[in-house]
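*Asks:* Quick one: sequence plus predicted model below, questions after.
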Amino acid sequence: MGKKKGKNIIIITGASSGIGQEFAVRLDTLLYKADEIWLIARREERLKELARLMDIPARILPMDVADEEGIKNFAQILAEEEPKIRMLVNCAGFGLMGRVDSLSLEEQVAMLKVNCEALTKITWHCLPYMKKNSRLIQLASSAAFLPQKKFAVYAATKSYVLSFSMALREELKKKGIWVTAVCPGPVETEFFDIAEKYGSTLAIKKLTMVPVSKAVTQALRDSRDKKAVSVCSLPIKAFHVIAKVLPHTWMLGIMSMMYGKDEE
């Protein structure tokens, strides 16, 4: 017999660690009207470990979201099973710090593919299966608020996520599907283990770092309340306001002074 069609499901990308994993844990305990939670990430063993800890049945979909074949297989599974997607949480993504001319082209294009292209494709494939009161959570970043020296491509990809999410929200309002762009500042995850491969972030940014549980709690609360943007912690909320008020050229100049003279 084939799998039962029409199940109420939650889909989480980037579920093997960090914010994606925390979303899985929290949504499992909240029992968010789901028959299954679908966990998507490259690291299959981590997904299996997570699934064993969950009360809601978890389905493992090990795949690289930047892989075209993986996306095609995902779309086919959706078409065959016709689930009702109660919530889609797009957490897959990564960033690298460093000057544009010091990072490889391949690494920078990979950020575009994962953070922008894959997120757009997964969202597009899921939309036909989302109904009234479904939720769509897109992980952006406070980096979306302002161009970032030595974080240029990553910040640009997250600006895309924020802009895309807010426009999509307006398109889906009449259907009662609510989109929230999550824009946390630094969060205590493995993110910086990869991001600081070639360079270090400003120390002041790390002073605003919050536990992953706090960021996810805020995101779920804001999604429940149908908010367009979720910002966690007072310093990042202040940064959000300042980034709207001050010219970006001024703020980029201030950040350059904080970095000091670039190494030649």
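*Replies:* Done, it's in. Bear in mind that the values here come from a model prediction, so they are computed numbers and not experimental data.
*Asks:* got the residue ranges for the strands in this structure?
*Replies:* Remark: strands assigned in the chain by DSSP state E are 8-13, 36-41, 58-62, 84-90, 135-139, 178-182, 229-230.
*Asks:* any residues touching the second one, and which ones?
*Replies:* The one in question is strand 36-41. 7-17, 20, 24, 27-28, 47, 50-51, 54, 56-63, 65, 74, 83, 92 (Cβ atoms under 8 Å, 6 or more residues apart in numbering). (Glycine included, C-beta is placed from N, CA and C.)
*Asks:* The stretch 1-150 of the chain: helices as residue ranges?
*Replies:* Here the stretch 1-150 of the chain has its helices, by DSSP state H, counting those that start in this stretch, at 18-30, 44-52, 68-81, 105-112, 119-126.
*Asks:* I'd like to know the average pLDDT value across the last one.
*Replies:* Averaged over helix 119-126, pLDDT sits at 98.
*Asks:* And it, how far out from the chain middle?
*Replies:* 13 Å (Cα atoms, centre = their mean, to the nearest Å).
*Asks:* cool, the longest one as well?
*Replies:* Between the mean C-alpha point of helix 68-81 and the mean C-alpha point of its chain there is a distance of 20 Å (Cα atoms, centre = their mean).
*Asks:* Buried ones in that helix, by neighbour count?
*Replies:* Across helix 68-81, burial judged by 16 or more other Cβ atoms under 10 Å covers 70-71, 74, 78, 81.
*Asks:* Would you reformat the residues you listed as TSV and include pLDDT?
*Replies:* Formatted as TSV, the buried residues of helix 68-81 follow (pLDDT from 0 to 100):
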residue	pLDDT
Gly70	95
Ile71	97
Phe74	97
Leu78	97
Glu81	95
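*Asks:* re the thing from before, identify whichever of the helices of the stretch 1-150 of the chain lies nearest to Val216.
*Replies:* helix 18-30 (4.5 Å; Cβ to Cβ).
*Asks:* list the buried ones in the closest one?
*Replies:* 18-28.
*Asks:* Repeat that for stretch 228-239.
*Replies:* Buried residues in stretch 228-239 (16+ other Cβ under 10 Å): 229-233, 235-236, 239.
*Asks:* again with stretch 120-137
*Replies:* Buried residues in stretch 120-137 (16+ other Cβ under 10 Å): 120-123, 125-127, 129-130, 134-137.
*Asks:* swap in stretch 236-255?
*Replies:* Applying 16+ other Cβ under 10 Å to stretch 236-255 flags 236, 239-240, 251, 255 as buried.
*Asks:* mind saving the C-alpha coords of that stretch as PDB?
*Replies:* Taking C-alpha atoms only, stretch 236-255 is exported to PDB below (Å, rounded to 0.1, in the frame of the first residue of the first chain):
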ATOM      1  CA  ILE A 236      19.000  43.800  17.100                       C
ATOM      2  CA  LYS A 237      15.600  45.600  17.300                       C
ATOM      3  CA  ALA A 238      17.500  48.800  17.800                       C
ATOM      4  CA  PHE A 239      19.800  48.000  14.900                       C
ATOM      5  CA  HIS A 240      16.700  47.300  12.700                       C
ATOM      6  CA  VAL A 241      15.300  50.800  13.500                       C
ATOM      7  CA  ILE A 242      18.700  52.600  13.000                       C
ATOM      8  CA  ALA A 243      19.200  50.800   9.600                       C
ATOM      9  CA  LYS A 244      15.900  52.200   8.500                       C
ATOM     10  CA  VAL A 245      16.700  55.800   9.600                       C
ATOM     11  CA  LEU A 246      20.400  56.400   8.800                       C
ATOM     12  CA  PRO A 247      21.800  56.300   5.300                       C
ATOM     13  CA  HIS A 248      23.500  53.000   4.600                       C
ATOM     14  CA  THR A 249      26.600  54.800   3.400                       C
ATOM     15  CA  TRP A 250      27.000  56.300   6.900                       C
ATOM     16  CA  MET A 251      26.600  53.000   8.600                       C
ATOM     17  CA  LEU A 252      29.000  51.300   6.200                       C
ATOM     18  CA  GLY A 253      31.500  54.000   7.000                       C
ATOM     19  CA  ILE A 254      31.100  53.400  10.700                       C
ATOM     20  CA  MET A 255      31.500  49.700  10.300                       C
END
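*Asks:* Brilliant, that's me finished.
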